[in-house]
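Novice: return atomic coordinates for the entry below.
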Amino acid sequence: MKKGLQYWIFGVLIAAATIACGQEPPRPARDTRTYANASWRWSVSYPAGWTIDSSDSALIRIRSEARSALCSIHSGAVDRFNTVDEFTEFMLANETQFFREKGQKFTVLGRKRITLPNRVVGNDVLAGIGAGGKSRRIHVLADGRGFAIDCETYTKNWASVEADYQRVIASFTVRK
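Specialist: Numbering: from 1, shown residues only. Below you'll find the predicted structure:
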């Protein structure tokens, strides 16, 4: 077998195994921009066509108006939580109360553990929000800092932005 063909077959097998394990294969970083938050010591990549509002270092918003897509990254000092699970429970309780006060629902559709770059472990929560919205929320604790990434859009738009959200979340890197 020719070497080029062997490498191609090997690459296809790796991609198939990655997809079978429920992970998206890595994608090239073309057409992306990177933002580094010096105050809270993290960075993230996002699609080049999206805009960023970094006027408040504790709340960064990355959005695509054309696609009705928004990722917000909240940063703050947290020393009252011993585990990321405690932090997630606190955040979910607050979200539930927030939506209840507006006469809307916040429904957890799924929750799983996630490992981000630098071996930072967090919780990945998929939620139904309000009337017709969907959100993917990542909660992370690192060195006394808490991070909540919230990528949301209308449920009808979810399929068209989900891959972009995955790339944003997978690029989130906390520096110690």
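Novice: domain map for this protein?
Specialist: Domain ranges of the chain: 1-29, 31-174, per automatic domain parsing.
Novice: shaky segments in the chain?
Specialist: For the chain, the stretches with pLDDT under 70 are 1-30.
Novice: helices along that one, start to end?
Specialist: For the chain, the helices defined by DSSP state H occupy 3-20, 84-101, 158-171.
Novice: format the domains of the chain as CSV; extra columns: mean neighbour count.
Specialist: For every residue, glycine as well, the C-beta is placed using N, CA and C. What follows is the domains of the chain, written out as CSV (neighbours: other CB atoms under 10 Å):
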stretch, mean neighbour count
domain 1-29, 10
domain 31-174, 16
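Novice: beta-bridge partners for residue 173, please?
Specialist: residue 43 (DSSP bridges).
Novice: distance of it relative to residue 117?
Specialist: Between residue 173 and residue 117 the distance is 4 Å, computed by CB to CB, to the nearest Å.
Novice: same deal with residue 75?
Specialist: Taking CB to CB, one finds residue 75 at 16 Å from residue 117.
Novice: and for residue 33?
Specialist: From residue 33 to residue 117 the distance is 17 Å (CB to CB).
Novice: mind listing what the residue nearest the centre of the chain touches?
Specialist: Nearest residue to the geometric centre of the chain (CA atoms, centre = their mean): residue 169, 3.1 Å. Counting by CB atoms under 8 Å, 6 or more residues apart in numbering, residue 169 touches 114, 116, 124, 136, 138, 149, 151.
Novice: go with 10 Å
Specialist: 44, 71, 114, 116, 122, 124, 136, 137, 138, 149, 151 (CB atoms under 10 Å, 6 or more residues apart in numbering).
Novice: closest to residue 100 among these?
Specialist: residue 137 (16.9 Å; CB to CB).
Novice: the residue lying closest to that closest one once chain neighbours are set aside bridge partners, please.
Specialist: Among residues not flanking residue 137 along the chain, residue 125 sits closest, at 4.5 Å (CB to CB, 6 or more residues apart in numbering). With DSSP bridges as the criterion, residue 125 is bridged to residue 111, residue 137.
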